[in-house]
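>>> Sequence below, structure please.
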Amino acid sequence: FGNIRSSIDYYVSADEINSESYSIKVVDRPIIHSLSLKIASPLYSAIPEKEQIDNGNVECLTGSTITFEILTNKELSNAYILINDSTKKECSINSNFAFLDIVVKNSFNYKIILKDKEGNFNISPVEYSVSVSEDLFPTIKLISPSEDTNLNTEMREKLLLNLSDDYGVSKLLLFYKLSASVYESPMDSFRSIPIPITPFSKEQTIEYIWNLSSLNLATEDVVSFYLTVYDNDNINGPKSSSTQILSLRMPSLSELFKESEEDAQNIEAELKDAMQKAADLKKELEKLDKDLKQDKRELNWEEKERIQ
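The predicted structure is shown next:
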């Protein structure tokens, strides 16, 4: 027989002898006419919704919603997505249409199983894959200070750092505690200060002046601190990354006196230099005045510039 499209009965005949009648039954099984997939990424990612036609393989972010719209050749009684050959996700049926939404958490393989009103299933369904890309952890780099350091007398420390994340950061916190003191007990736990950032920006440089005057630090007190950045992942919860713990120390009295003495010496040296320059200028002006009196002539342009 050639290309059989409908059921037939037949028998074989030879030398006027006929065989029994036999039947070939053609089963009209359900098949997919068109497959439409709409992939909606989590809102925080700002990835636009995309649509795929007749392509069941998907790459998406964790937390994305895939909407299946399946058009078949026959009216259906049932349809489902078979995930990893084990889990069934039942579709909604409307005549020869099937619909399903799946929120993606992990990568998986799947097949589309169809059943028509006569109880016939589609045969040899195609296996597709859903590949999930993970939202990466944010990164934070503290540029300054880069090591333990002494506080200045103004009780302020400039913090300079870089932040980055594949889908933007949501929050930056500065954690600190008094970790050593001669006059009071150290803090048991860290306290936090929110630092302003540009929300949803994927990369940014932060410059922050930390005012520690409210801590009323005494000489030789030590404050430990670190910074933590959080991303925008509201599917698995915001992920965070932190800097190393550094220390800021109030100098001792002897160190402060030494610093004051050095400052005074620097000021004295600057004053001596300024006085020497003034004396040199005075000598030059006196010489110029003497020359003018002897020559009784007008000043040229260069001489006028020297006086000015």
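
>>> So for the protein, the centremost residue is which one?
The C-alpha lying nearest the average C-alpha coordinate of the chain belongs to Asp165 (Cα atoms, centre = their mean; 2.0 Å).

>>> Let me see the contact set for it.
For Asp165, the set of contacting residues under the criterion of Cβ atoms under 8 Å, 6 or more residues apart in numbering consists of 136-139, 202, 229, 231-232. The C-beta positions use only the backbone N, C-alpha and C, and glycine is treated the same way.

>>> In helices only, show me those.
Using DSSP state H, no member of those falls within helices.

>>> Now tabulate those residues in TSV and tack on distance to Trp210, neighbour count and pLDDT.
As requested, the contacts of Asp165 are arranged in TSV below (distance: Cβ to Cβ, whole Å; neighbours: other Cβ atoms under 10 Å; pLDDT from 0 to 100):
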residue	distance to Trp210	neighbour count	pLDDT
Leu136	28	14	93
Phe137	25	14	95
Pro138	21	26	96
Thr139	21	15	97
Lys202	25	14	92
Val229	16	28	97
Asp231	23	25	94
Asn232	25	23	91
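
>>> Make a markdown table out of these and add distance to Ile245.
Supplementary listing: the contacts of Asp165 in a markdown table, determined by distance: Cβ to Cβ, whole Å:
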| residue | distance to Ile245 |
| --- | --- |
| Leu136 | 24 |
| Phe137 | 19 |
| Pro138 | 18 |
| Thr139 | 18 |
| Lys202 | 27 |
| Val229 | 15 |
| Asp231 | 21 |
| Asn232 | 26 |
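
>>> quick one, helices of the stretch 201-308 of the chain?
For the stretch 201-308 of the chain, the helices defined by DSSP state H, counting those that start in this stretch cover 253-295, 301-307.

>>> Compare those helices and say which comes out lowest on pLDDT.
Of all the helices of the stretch 201-308 of the chain, mean pLDDT reaches its minimum on helix 301-307 (a mean of 58).

>>> Which element, helix or strand, includes Tyr128?
Element membership of Tyr128, judged by DSSP states H and E, is strand 127-133.

>>> Let me know whether Ser77 touches Asn120 as I believe.
No - with contact defined as Cβ atoms under 8 Å, Ser77 does not reach Asn120; the gap is 9.6 Å.

>>> any residues in contact with both of the two?
A shared contact of Ser77 and Asn120, defined by Cβ under 8 Å, 6+ apart, is any residue touching both; here there are none.
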